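1. Here's my sequence, what's the structure:
(chains A, B, C and D)
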Protein chains: 4
Amino acid sequence: MNKITVGVLGASGYAGRELCELVARHPAMELGFASANSRAGERVRAAGQSITLIPTDDAQLDSADLVFSALPHGTSATWVEAAASAGAKVVDLSADLRPGNGSGQRVEAVPYGLTELMRPELLDADIVANPGCYPTAILIALAPLLARSLVVKGATINVSAASGTTGAGFTPKPELMFAEVAEDFRAYSVGNEHRHLNEMRAVVSNLGGDNDILFTPHLLPVARGILATITVPVTERLTNPIQLWQEMYGHEPFIEVSDTPPSLRDVVRRNVVRLSVVHAANVRQPTLVIVAAIDNLMKGAAGQAIQNANLMLGIPEIAGLPS
Amino acid sequence: MNKITVGVLGASGYAGRELCELVARHPAMELGFASANSRAGERVRAAGQSITLIPTDDAQLDSADLVFSALPHGTSATWVEAAASAGAKVVDLSADLRPGNGSGQRVEAVPYGLTELMRPELLDADIVANPGCYPTAILIALAPLLARSLVVKGATINVSAASGTTGAGFTPKPELMFAEVAEDFRAYSVGNEHRHLNEMRAVVSNLGGDNDILFTPHLLPVARGILATITVPVTERLTNPIQLWQEMYGHEPFIEVSDTPPSLRDVVRRNVVRLSVVHAANVRQPTLVIVAAIDNLMKGAAGQAIQNANLMLGIPEIAGLPS
Amino acid sequence: MNKITVGVLGASGYAGRELCELVARHPAMELGFASANSRAGERVRAAGQSITLIPTDDAQLDSADLVFSALPHGTSATWVEAAASAGAKVVDLSADLRPGNGSGQRVEAVPYGLTELMRPELLDADIVANPGCYPTAILIALAPLLARSLVVKGATINVSAASGTTGAGFTPKPELMFAEVAEDFRAYSVGNEHRHLNEMRAVVSNLGGDNDILFTPHLLPVARGILATITVPVTERLTNPIQLWQEMYGHEPFIEVSDTPPSLRDVVRRNVVRLSVVHAANVRQPTLVIVAAIDNLMKGAAGQAIQNANLMLGIPEIAGLPS
Amino acid sequence: MNKITVGVLGASGYAGRELCELVARHPAMELGFASANSRAGERVRAAGQSITLIPTDDAQLDSADLVFSALPHGTSATWVEAAASAGAKVVDLSADLRPGNGSGQRVEAVPYGLTELMRPELLDADIVANPGCYPTAILIALAPLLARSLVVKGATINVSAASGTTGAGFTPKPELMFAEVAEDFRAYSVGNEHRHLNEMRAVVSNLGGDNDILFTPHLLPVARGILATITVPVTERLTNPIQLWQEMYGHEPFIEVSDTPPSLRDVVRRNVVRLSVVHAANVRQPTLVIVAAIDNLMKGAAGQAIQNANLMLGIPEIAGLPS
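-> Numbers count the residues shown, from 1 in each chain, chains lettered A, B, ... in the order given. This next block holds a predicted model:
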């Protein structure tokens, strides 16, 4: 079988490297080029093979059937245009084209690649905006409640989440050095200031919610993984709340609804969202506590990008993805 | 100067070992005995000295001016009685005599050793119930709002907190082994089921609050430290919210009110609560986000126990405590 | 294709769980049973499936074409006999039948499964003694020198090695708890007292070496991986020492000879030995420094066991093994 | 009592920050200035106080009684000269003036601050070259054998050592980021190429040894600490080898001779060398295995610098040092 040629722009960051690894192991894809600017010329390993990173300007966009852009926010949109103009399908891992980011008709025209919720729009899309890592975990967790209008109208949904350090990128910074992160834990973007907030608000609204989100992310001393603990005021006490998630996601290959709260170990290196749901005891306002876990580089970035690319290319959705 | 003789019951656990270390370094205390049941006969090191653990039954309770009990919940209360009957002052680190635990007049008669909030009652106390680790961080954080009746009546206070593994004790369990905890993160007691909840609810009520608490603890891959992220619906938007904490705690040697969110590194091995406060942006309901950090073995256990003992014994409150 | 039925005895430990995972993902094997004594009745996950551990006494040994025994040293040999008598081929991961262990003809009759060095003997073996984790890394590293008689006769080969905590097993012990291992590093079995020493000495002798080994293992704060740093006095200064390893191992799918020293990241979750070789500068006695890395649960245990089983069963040697 | 004014050049690195912390807590010292070039203007915390880093060029060298230079190798010597010319005593933490480094009479004239071995020369020194971290652990371990001429003449002393990441400095580099170091372990400067080798060779020679050292350092996933495992061929089998160390170091406040091998936990945040010694079993050549542990930032850098400064200033040697 002829393999589909794929290019990766921005291949030197954590998401870009994960993409190269997944493409190299994918049964129906082959890696045409992998670009990086600051690290052009370096060699990276993917699936046992050695790849030389080329300058992004040297990428032969028209040689690829599909291009993944893992370029920085702000830079990516231009390259997405260029790749699309060159005839390639494009999955953009940056925030540039996601709901709640930027402005104008371009964003509206590009489907949001939260695969399980947006599958019909993705099937014949030429460009897809791949979701952020936190939004992936949180929106998959909230969707069944929003679909049934069970969230108290106007109420605040509280999200406390924590991410491994690969979520902060591969650019060396003092606060990301081993001796600074080990044995530490801290909140950041405190006061609802995280750049993913608009993306989540926009999609919650699109899904019919009239709710604020109060989102506090934290930095974990682990390399990979996101765990989100979400408390949602609901209109009534449900007898068996988990049933809603089982009904909506029961047949999804990459969503696991669990009786017990997930931990990072359950999901790391796998392209899944794993989640649990229970009613909070000892509170007057009926409230659900949802815990959702993903690998930020897999279902939160490169894995979901492959999942979307599979759909866009007519390949089986699960191809090349570790479950 | 004659040193005050102090005994430690339950000295083989993490809190007990920390107590021995602090007593051994304390300028006005000396360690009379240190007991442990399952590890009786073992030697532990404290401040460079070697101590032999004796069976708890062999402890000469009447030889001590003050006894710390770090025995397990359920077991401790009996030993507290025995030590008090033998004439020793007692600081009980177990939950047995704390508000919201057990029943009966004993609990009511014993002051709760959340030092900064209860100082007058502690000065001439014979027995003090030392607070739990999570409640210490969370109640110190909430007290200024409760004192001013600024929390929305009836509202749920949301607390997402995370602790290092020493909070789970020194008894070997599979889920606490290095290879299980490293690179992992998980929630536990999900659904508001943690045993510290009653303690927090009782004290919030004592401080005038009419609020539920929704508390979700998590296990961190670090040895020491607790970070609590607390969101509180308030009755009005405050111009300079941090001022409330500065006013209430400005002169406290062991409470640090910070402009930036604290991290575990700021507090580990120190007997302090460090906290920050900001209003959440992007929400309709005025809500404060408080982040509070402590070392669970210091201000969350042994350090606060020494602080209380200092008060009970008429020693300067800061003696022997790393700030 | 009919899959080969495989049983795992001792499936609750780290090596046993890794075996179940590899068998569950193996294209030509299926898991017939997985036994554990202390944890019988528990469910473990392997490749996304849930397996119930049965008591070892209940294992239907004659239902399996091949049995892996990951039972404890001392216990395993009896079960190996039983499985062989029931007609199954057996790979024994314990030390019971390895060179330098125990006594008598049984040990001599059982081939040692250091695959790359012993392949001819393994092809039609009914029972194979799978090597220890440290010996795998160290003996693969030394073999090319021993084959050419380049080690100074009578000289001591110095080995300093370090292992992740899964090498110490899954039985909870205080010294293996997270808070004890994190931020620590220590040597153990100091003074050449490690139980793998006899195995290494016996094989070095079988390979023609007349050398003592001075072996000091260390415990690393990581879950998986072994790194061995080996210094070998050699009879002459070699112009291009790495060539010897390239010649001997150039075609091996699971041995990587590298220009730069390997690190654990290079090998974790892969069934490979990765090694580098250089001459030490600044010493009078010509000495090579070899650094070899493996994943202790893969090439150091379960992975090599599958590799050996593949050979014994006539399956392609690389089947089911992550490279 | 008037405190002695102390300056720290290069205060933004790990050793410099540790120095500021120790000076701030020292009963007889006060911090006059703390300089840094790339981070001038930043505030650092030391002992609860906030210090503003000044550009090194702005340091009032003549305002200090003693200056610590933690400036980079190559840069430091010039500043040491300048501070000495300005009338300050100087402890240089760089390699610039250590034995085996650079050339010329300056190096010969400056005593080497391996305190326990060089005390007489340090008492009235104006400038002291503070030893490297690895050499401190290794030379303290070897000295009793060299003093008795027990090492086999001409033999290679094998040293495998491992350091926490603070030993690699505070300049952000990709390979020192959390996600790169966690769960990893690797050797570096393999082939006896480490820059500390000359320092160790020179001092071994000064202590009467005629031996090569084969030194392989490794990078540990811990923040602090060095563990060195040293194998030494000796001229005879000693009945009770540890006695030699006990005799030489029995009265030293900062050297601990232990019956059991030390681990990093034993020494971290303390200004000590802790070591054990045993004969290797199962080898023909009598060989001792010494394991020595230090905190690389304390006894391996800032702590020993304070210890030396205390001697130079006529303060009790143990003042201000955590034991």
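2. in chain A, which helix has the most residues?
-> The longest helix of chain A (DSSP state H) is helix A:133-147.
3. what mean pLDDT does that helix have?
-> Helix A:133-147 shows a mean pLDDT of 98.
4. So for the nearest residue to A:Y134 once chain neighbours are set aside, what's the pLDDT?
-> Ranked by C-beta to C-beta, 6 or more residues apart in numbering or on different chains and with sequence neighbours excluded, the top spatial neighbour of A:Y134 is A:H196, at 4.8 Å. C-betas here are computed from N, CA, C, even on glycine. According to the prediction, A:H196 has pLDDT 93.
5. So A:H196 sits against A:F215, correct?
-> Yes - with contact defined as C-beta atoms under 8 Å, A:H196 counts as touching A:F215 (7.3 Å).
6. Give me the contact status of stretch A:149-156 with chain B.
-> Yes - under the criterion of C-beta under 8 Å from any C-beta of the partner chain, stretch A:149-156 makes contact with chain B via A:154, A:156.
7. tell me how far that stretch is from the chain's mean position?
-> Centroid separation between stretch A:149-156 and its chain, computed with C-alpha atoms, centre = their mean, to the nearest Å, is 25 Å.
8. Please point out which parts of it sit buried.
-> For stretch A:149-156, the neighbour count (16 or more other C-beta atoms under 10 Å in any protein chain shown) marks A:150-152, A:155-156 as buried.
9. picking that back up, neighbours of the residue nearest to A:Y134, just the number please.
-> A:H196: 23 surrounding residues under other C-beta atoms under 10 Å in any protein chain shown.
10. Then A:G169?
-> A:G169 has 15 neighbours, counted by other C-beta under 10 Å.
11. Just say helix, strand or coil for A:A293.
-> Per DSSP: H, G, I helix; E, B strand; the rest coil, the secondary structure class of A:A293 is strand.
12. what sits against it?
-> By C-beta atoms under 8 Å, 6 or more residues apart in numbering or on different chains, the contact set of A:A293 is A:137, A:225-228, A:262-264, A:266-267, A:273-275.
13. 6 Å instead?
-> A:227, A:262, A:264, A:267, A:274 (C-beta atoms under 6 Å, 6 or more residues apart in numbering or on different chains).
14. separation between the first one and A:E30?
-> Between A:L227 and A:E30 the distance, using C-beta to C-beta, to the nearest Å, works out to 35 Å.
15. Mind checking which of these two has more residues around it?
-> A:L227 (30 against 13).
16. Next, the more buried one: secondary structure please.
-> Assignment for A:L227 (three-state DSSP): strand.
17. That one against A:S163, yeah?
-> No - here A:L227 does not reach A:S163: they are 8.3 Å apart, not a contact under C-beta atoms under 6 Å.
18. Would you mind listing the residues in contact with the residue in chain A sticking out farthest from the centre?
-> For chain A, the residue at maximal distance from the C-alpha centroid (C-alpha atoms, centre = their mean) is A:R284, at 34.3 Å. Going by C-beta under 6 Å, 6+ apart, A:R284 touches B:D212.
19. SS state for it?
-> Going by three-state DSSP: A:R284 is coil.
20. and the gap between it and chain D?
-> Note on A:R284: its distance to chain D, by C-beta to the nearest C-beta, to the nearest Å, is 42 Å.
21. can you tell me how far that residue sits from C:C133?
-> With distances taken as C-beta to C-beta, A:R284 is found 56 Å from C:C133.
22. do A:L244 as well
-> A:L244 is 47 Å from C:C133, by C-beta to C-beta.
23. between the two, who's got more neighbours?
-> Set A:L244 next to C:C133 and count neighbours by other C-beta under 10 Å: C:C133 wins out with 29 against 19.
24. Pull the contacting residues for the more buried one.
-> C:167, C:226, C:296, C:300-301.
25. Report the buried residues of stretch A:275-295.
-> Neighbour-count burial for stretch A:275-295, with 16+ other C-beta under 10 Å as criterion, is recorded at A:275-280, A:283, A:286-295.
26. How far away from the center of its chain is it?
-> Taking mean C-alpha positions (C-alpha atoms, centre = their mean), stretch A:275-295 and its chain are 22 Å apart.
27. Give me the distance between the two termini of that stretch.
-> Length of stretch A:275-295, first residue to last, C-alpha to C-alpha, to the nearest Å: 13 Å.
28. just stretch A:56-68 next, same as before
-> OK, stretch A:56-68 end separation, C-alpha to C-alpha: 12 Å.
29. ok, and for that stretch, which residues are buried?
-> A:56, A:59, A:61, A:64-68.
30. Run a quick neighbour tally on the closest residue to chain D within the stretch 201-323 of chain A.
-> Closest residue of the stretch 201-323 of chain A to chain D, C-beta to the nearest C-beta: A:A223 (4.0 Å). Residues within reach of A:A223, counting by other C-beta under 10 Å, total 24.
31. Quick check, pLDDT for it.
-> pLDDT, read off for A:A223, is 98.
32. Same question for A:N37.
-> In this prediction A:N37 is given a pLDDT of 83.
33. residue ranges of the helices in the stretch 151-300 of chain A, please?
-> Along the stretch 151-300 of chain A, counting by DSSP state H, counting those that start in this stretch, helices occupy A:178-181, A:197-206, A:242-249, A:264-267.
34. Just name the most buried of those.
-> helix A:178-181 (a mean of 25; mean count of other C-beta atoms under 10 Å in any protein chain shown).
35. Show me what that one is packed against.
-> helix D:178-181 (3 or more C-beta pairs under 6 Å, 6 or more residues apart in numbering or on different chains; DSSP states H and E).
36. How far away from the center of its chain is the helix it packs on?
-> For helix D:178-181, the distance to the chain centre is 26 Å (C-alpha atoms, centre = their mean).
37. So for that helix, mean pLDDT?
-> For helix D:178-181, the mean confidence score works out to 98.
38. And for stretch A:290-304?
-> Mean pLDDT, stretch A:290-304: 98.
39. Can you report how many residues neighbour A:A109?
-> 11.
40. Now do it against B:M29, distance only.
-> Taking C-beta to C-beta, one finds A:A109 at 72 Å from B:M29.
41. got the contact list for A:L31?
-> A:23-24.
42. For the helix or strand where it lies, list every residue counted as buried.
-> According to DSSP states H and E, A:L31 maps onto strand A:29-35. If you call a residue buried by 16+ other C-beta under 10 Å, then strand A:29-35 has these buried ones: A:29, A:31-35.
43. And stretch A:228-241, by the same measure?
-> With burial defined by 16+ other C-beta under 10 Å, the residues of stretch A:228-241 counted as buried are A:228-234, A:238, A:241.
44. Any regions of the stretch 51-200 of chain A where pLDDT drops low?
-> For the stretch 51-200 of chain A, the stretches with pLDDT under 70 are A:103-107.
45. Which residue does it have closest to chain C?
-> Minimum separation of the stretch 51-200 of chain A from chain C (C-beta to the nearest C-beta) falls at A:E183, amounting to 6.5 Å.
46. pretty sure that residue is touching B:V222, no?
-> Yes - between A:E183 and B:V222 there is a contact under C-beta under 6 Å: 4.8 Å.
47. Those two: which is more packed in?
-> It is B:V222, of A:E183 and B:V222, that has more neighbours when counted by other C-beta under 10 Å, with 27 against 21.
48. That one: what's it in contact with?
-> Contacts of B:V222 by C-beta under 6 Å, 6+ apart are A:183, B:164.
49. again, only using 7 Å
-> Residues near B:V222 by C-beta atoms under 7 Å, 6 or more residues apart in numbering or on different chains: A:183, A:185, A:221, B:164, B:264.
50. Which one of those residues is nearest to A:E21?
-> Of all these, A:E21 sits closest to A:P221, with 23.5 Å by C-beta to C-beta.
51. Using the three-state scheme, assign A:I306.
-> Applying three-state DSSP: A:I306 is helix.
52. quick one: average pLDDT of stretch A:11-18?
-> 96.
53. ok, which residues in the stretch 51-200 of chain A are in contact with chain D?
-> By C-beta under 7 Å from any C-beta of the partner chain, the residues of the stretch 51-200 of chain A that approach chain D are A:165-166, A:170, A:172-174, A:176-179, A:181-182.
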